[in-house]
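1. give me the fold of what follows.
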Amino acid sequence: MQNPSEPEATYRQKGNKQYTGYVVNTVEARDEEKDLSMIIHCEQQPNTTSDVELGSNALDAELDGVTTIANDGAYYSAEAVEKAQARDIEMGFSALTGKKTPEERLGVNEFSLDESNHINACPAGFTPQSSAYNEEKQIYTAKFAKEHCNRCFLFDCCPVKEQKKANHISFTAKTRQADICRARMGEGHFRELAAFRAGVEGVPSVFRRRYRIDDLPVRGLNRSRTWVACKRMAYNFKAFYDYCRRIAKQGEAIAFLSHFSRRFFGLTSFFGSKFAYCR
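-> The predicted structure follows:
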């Protein structure tokens, strides 16, 4: 039953478990040179809020200095990728949800496009007889000569569909973007990002064990957000304090004080984020 004193809390079933309450999404930035991580964005919403929406909201936040974000696959959406590209942020995903392209079949990202978004070549390099792009629906279509397809060594794994007069291919911009991301996931750089992203799982664990985020002494979304913000500050302070202790032991206390004073007097940025990852 819904608690009348907690009207914003929502019910959600995930897997075999049932939840009532809120969901917290965090973006933690990591500076490898300083061995320092801090939460630079934290959002709390009713727990029926999708991961896609939370990930998109994170891209609207202040992410100064962030060049790469490593995400869980549930955060993927074509709109989020486009939004990140507009901000010159590279997106990496550990896995993608939804229907996957069979391993033996080529992705539609293998078809090349010209400047007007028309398909100008298939994966084997053949030019289509005709091609079109529906800008409103963002759909790419093309027709290829049957004699080219019949002697193509990639025909058995090509997504082109056979028709009477000419073979046909049609796909959306979202499908193409998803296939691009799946293809990149196999690259070394993106495999490293996927492995690196697993480290953020420690954030909710610390929030639960040390800061008892599941047992807030208040009700209501706004009050809960205030408490979560305080716990975020405590988390960041602890990380910063540990960093201070490390550099003090290394005999760099003077350098630290210099950086610290410059940060508050606006002379330079103390915490330059290299990349971030989402929970």
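
2. run the chain-centre distance for the longest helix along the chain.
-> Of all the segments of type helix in the chain, defined by DSSP state H, the longest one is helix 221-249. Counting by Cα atoms, centre = their mean, to the nearest Å, helix 221-249 is centred 24 Å from the centre of its parent chain.

3. elements contacting it?
-> The contact analysis (3 or more Cβ pairs under 8 Å, 6 or more residues apart in numbering; DSSP states H and E) places helix 221-249 against strand 17-31, strand 36-46, helix 202-209, helix 253-265. Placement of C-beta: from N, CA and C, glycine included.

4. TSV for the ones you listed, including mean neighbour count and mean pLDDT?
-> Below are the helices and strands packed on helix 221-249 laid out as TSV (neighbours: other Cβ atoms under 10 Å; pLDDT from 0 to 100):
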stretch	mean neighbour count	mean pLDDT
strand 17-31	18	85
strand 36-46	20	90
helix 202-209	14	87
helix 253-265	12	56
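
5. quick one: which of these is nearest Ala78?
-> Minimum separation from Ala78 across the helices and strands packed on helix 221-249 (Cβ to Cβ) falls at strand 17-31, 19.5 Å.

6. give the pairing partners of that closest one; include direction for each.
-> According to DSSP bridges, strand 17-31 forms sheet pairs with strand 10-14 (antiparallel), strand 36-46 (antiparallel), strand 275-278 (antiparallel).

7. from the chain's centre, how far out does the second one sit?
-> Centroid separation for strand 36-46 versus its chain: 14 Å, with Cα atoms, centre = their mean.

8. what residues does that strand touch?
-> Contact with strand 36-46 is made by 8-10, 22-31, 53-54, 57-58, 61-63, 66, 203, 221, 224-225, 228-229, 232, 235-236, 239-240, 243, 271, 273, 276, as judged by Cβ atoms under 8 Å, 6 or more residues apart in numbering.

9. report the angle between it and helix 221-249.
-> 170 degrees (axes from the mean of the first three to the mean of the last three Cα atoms, to 10 degrees).

10. quick one: the helices in the stretch 101-250 of the chain?
-> Taking DSSP state H, counting those that start in this stretch to define them, one finds helices in the stretch 101-250 of the chain at 146-150, 173-185, 188-197, 202-209, 221-249.

11. hey, which of those helices is tucked in deepest?
-> With neighbours defined as mean count of other Cβ atoms under 10 Å, these peak in mean count at helix 173-185, which reaches a mean of 19.

12. in TSV: the strands paired with strand 17-31, plus distance to Asn150.
-> Shown next, in TSV, are the strands paired with strand 17-31 (distance: least, Cβ to Cβ, whole Å):
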stretch	distance to Asn150
strand 10-14	49
strand 36-46	54
strand 275-278	47
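
13. right, and those strands - which one's nearest Arg191?
-> strand 275-278 (14.3 Å).

14. now distance to Arg182 too, for the helices and strands packed on helix 221-249, in TSV please.
-> Formatted as TSV, the helices and strands packed on helix 221-249 follow (distance: least, Cβ to Cβ, whole Å):
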stretch	distance to Arg182
strand 17-31	23
strand 36-46	26
helix 202-209	27
helix 253-265	40
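
15. let me know which of these is the nearest to Lys165.
-> strand 17-31 (50.9 Å).

16. between the closest one and helix 202-209, how many degrees?
-> Per the same axes, to 10 degrees, the angle that strand 17-31 makes with helix 202-209 is 120 degrees.

17. kindly export strand 17-31 (C-alpha atoms) in PDB.
-> Output of strand 17-31 as PDB, limited to C-alpha atoms (Å, rounded to 0.1, in the frame of the first residue of the first chain):
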ATOM      1  CA  LYS A  17      12.400  -7.800  -6.200                       C
ATOM      2  CA  GLN A  18       9.900  -5.100  -5.300                       C
ATOM      3  CA  TYR A  19      10.800  -1.500  -4.400                       C
ATOM      4  CA  THR A  20       9.000   1.500  -3.200                       C
ATOM      5  CA  GLY A  21      10.700   4.900  -2.900                       C
ATOM      6  CA  TYR A  22      13.300   6.800  -5.000                       C
ATOM      7  CA  VAL A  23      16.200   6.200  -7.200                       C
ATOM      8  CA  VAL A  24      19.500   8.100  -7.000                       C
ATOM      9  CA  ASN A  25      21.800   8.500 -10.100                       C
ATOM     10  CA  THR A  26      25.400   9.700  -9.700                       C
ATOM     11  CA  VAL A  27      28.200  10.800 -12.000                       C
ATOM     12  CA  GLU A  28      31.600  10.300 -10.500                       C
ATOM     13  CA  ALA A  29      34.600  12.000 -12.100                       C
ATOM     14  CA  ARG A  30      38.000  10.400 -11.900                       C
ATOM     15  CA  ASP A  31      41.400  12.100 -12.100                       C
END
